[in-house]
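Student: Requesting a structural model of the entry that follows:
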Amino acid sequence: MNEIFQNLYEMTAFSNIIAEPQFLIMYAIAFILLYLGIKKQYEPLLLVPIAFGVLLANFPGGDMGVIQADENGLINVHGVMKNIWEMPLHDIAHELGLMNFIYYMLIKTGFLPPIIFMGVGALTDFGPMLRNLRLSIFGAAAQLGIFTVLLVAILMGFTPKEAASLGIIGGADGPTAIFTTIKLAPHLLGPIAIAAYSYMALVPVIIPLVVKLFCSKKELSINMKEQEKKYPSTTEIKNLRVLKIIFPIVVTTVVALFVPSAVPLIGMLMFGNLVKEIGTNTFRLFDAASNSIMNAATIFLGLSVGATMTAEAFLNFTTIGIVVGGFLAFALSIAGGIFFVKLFNLFTKKKINPLIGATGLSAVPMASRVANEIALKYDPKNHVLQYCMASNISGVIGSAVAAGVLISFLG
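Tutor: Got it, this is the predicted structure:
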């Protein structure tokens with residue numbers, strides 16, 4: 001009888017968990033991420049599948065965790081080292097499991113991040129940025145966190161490629177962080193993706209914290225509409241629809257000429273936006289890009305990235321450095337945009353609310369909504385959403401271009 005109970009006990013996961021209690025830490029992380037996604041509603045479309053992927057990867061014996069290949073693409077398959085890129089697809093699925101199949105075929109090849117960018121483009125309206133082009137410069141200023149943390153990470157002992165992958169978290173753009181890491185430091189994909197999406201989800205917490213540290217009540221009360229009335233713009237857009245159609249074509253061409261390595265992200269972002277702006281003639285393409293394709297890509301990306309977070313891959317000093325460095329990059333990006341607005345206001349009569357600089361990182365449109373809520377607390381009539389979106393949208397383009405520059409120099 002004892003032998004029967006012993007066999008039943010060993011059949012369950014309890015024996016493995018008791019032998020390796022670090023699994024409990026990973027379950028706690030998964031449950032915290034699920035809580036943030038479900039209860040707090042912080043980026044639930046991404047945080048819920050990532051958190052569930054973490055949970056699946058850390059059930060002993062479930063074989064749902066992603067096994068990381070080394071720099072040469074070699075992976076241990078039942079005690080034999082094989083090149084993952086030379087293995088037939090059916091062998092990957094059969095010998096390594098579903099998550100490894102999705103990860104190596106759709107994510108590590110760099111396929112899914114541009115597909116998600118296409119969906120983001122289809123869901124984005126560039127109108128607020130085109131109507132307030134002067135505010136788009138703050139999207140560039142908010143990339144400060146990327147390059148500052150890159151230098152700090154190198155001093156801490158990370159290689160330049162690892163440091164670049166860590167710094168790109170400051171762009172507050174999950175697909176960009178994943179794409180950059182795939183190209184430069186694929187062995188860090190799991191912790192960097194988790195950090196990037198976690199901090200994106202925590203935008204409603206981080207932006208108010210940084211804003212409170214660096215902005216005064218007087219600055220946060222600057223009413224952009226009143227400033228527009230006092231100092232009206234002399235530039236008038238006669239045909240916004242035509243400009244919206246021309247814009248993605250021009251941006252793609254310019255980026256392709258100057259930063260070719262950024263084209264997979266920028267090109268797909270602009271293509272998605274183009275099919276949206278053309279209208280009824282391309283509605284079916286727009287609908288597919290913004291709904292079915294986008295949703296499927298998000299599910300696969302979230303689950304498989306979460307599945308890279310095994311206890312062995314996550315519980316180490318490198319991951320701790322990534323989590324700390326990622327937060328620093330994120331906060332510095334917000335602060336960089338704020339201080340650039342402060343500098344700008346020293347030389348112009350037409351003042352700008354620092355919240356617009358705070359949204360120069362990506363995380364569209366959550367960052368703009370958070371900034372608008374902060375502004376309304378100081379002045380119930382001060383709606384800054386459309387102005388923040390100008391900076392916010394340019395931040396998406398800026399982070400993708402920054403990623404392209406890093407890949408060009410270090411890849």
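
Student: Every contact and neighbour count from this point should use C-alpha atoms.
Tutor: Noted.

Student: Helices along the stretch 251-400 of the chain, start to end?
Tutor: Along the stretch 251-400 of the chain, the segments classed as helices by DSSP state H, counting those that start in this stretch run 263-278, 283-287, 293-307, 311-314, 317-345, 354-358, 366-378, 385-410.

Student: what sits up against the shortest one?
Tutor: Spelled out, that is helix 311-314. With contacts defined as CA atoms under 8 Å, 6 or more residues apart in numbering, helix 311-314 is touched by 22, 23, 26, 58, 190, 191.

Student: Show me where the stretch 151-300 of the chain dips below the pLDDT cut-off.
Tutor: Along the stretch 151-300 of the chain, no part satisfies pLDDT under 70.

Student: which stretches of the protein form strands?
Tutor: Assigned by DSSP state E, the strands in the chain fall at 74-77, 80-83.

Student: In contact with residue 211, which residues?
Tutor: For residue 211, the contacting residues are 335, 338, 355, 358, by CA under 8 Å, 6+ apart.

Student: just checking, which of the helices of the stretch 251-400 of the chain sits deepest inside the structure?
Tutor: Burial of those is given as mean neighbour count (mean count of other CA atoms under 10 Å); helix 354-358 ranks first at a mean of 32.

Student: hey, C-alpha coordinates of that one in PDB?
Tutor: C-alpha atoms of helix 354-358 as PDB (Å, rounded to 0.1, in the frame of the first residue of the first chain):
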ATOM      1  CA  PRO A 354       5.500  68.700 -19.300                       C
ATOM      2  CA  LEU A 355       3.100  65.800 -19.400                       C
ATOM      3  CA  ILE A 356       3.500  65.900 -23.200                       C
ATOM      4  CA  GLY A 357       7.100  65.100 -22.800                       C
ATOM      5  CA  ALA A 358       6.400  62.300 -20.300                       C
END
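
Student: what's near enough to touch the residue nearest to residue 290 when sequence neighbours are not counted?
Tutor: With CA to CA, 6 or more residues apart in numbering as the criterion, residue 290 has its nearest non-adjacent residue at 4.6 Å, and that residue is residue 119. For residue 119, the contact set (CA under 8 Å, 6+ apart) comprises 269, 272, 289, 290, 291, 293, 294.

Student: a markdown table please, covering the strands of the chain and showing distance to residue 285 and mean pLDDT.
Tutor: Output for the strands of the chain, formatted as a markdown table (distance: least, CA to CA, whole Å; pLDDT from 0 to 100):
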| stretch | distance to residue 285 | mean pLDDT |
| --- | --- | --- |
| strand 74-77 | 38 | 84 |
| strand 80-83 | 37 | 87 |
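
Student: mind putting the ones you listed in CSV, mean neighbour count and distance to residue 67 included?
Tutor: As requested, these are arranged in CSV below (neighbours: other CA atoms under 10 Å; distance: least, CA to CA, whole Å):
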stretch, mean neighbour count, distance to residue 67
strand 74-77, 16, 7
strand 80-83, 12, 12
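
Student: Minimum distance to residue 138: which of those has it?
Tutor: Across those, residue 138 has its closest neighbour in strand 74-77 (43.1 Å, CA to CA).

Student: List the contacts of the closest one.
Tutor: Contacts of strand 74-77 (CA under 8 Å, 6+ apart): 67, 68, 69, 81, 82, 83, 84, 95, 96.

Student: Describe which strands that strand pairs with in its sheet and in which direction.
Tutor: strand 80-83 (antiparallel) (DSSP bridges).

Student: for the strand it pairs with, the distance to its chain's centre please.
Tutor: 32 Å (CA atoms, centre = their mean, to the nearest Å).
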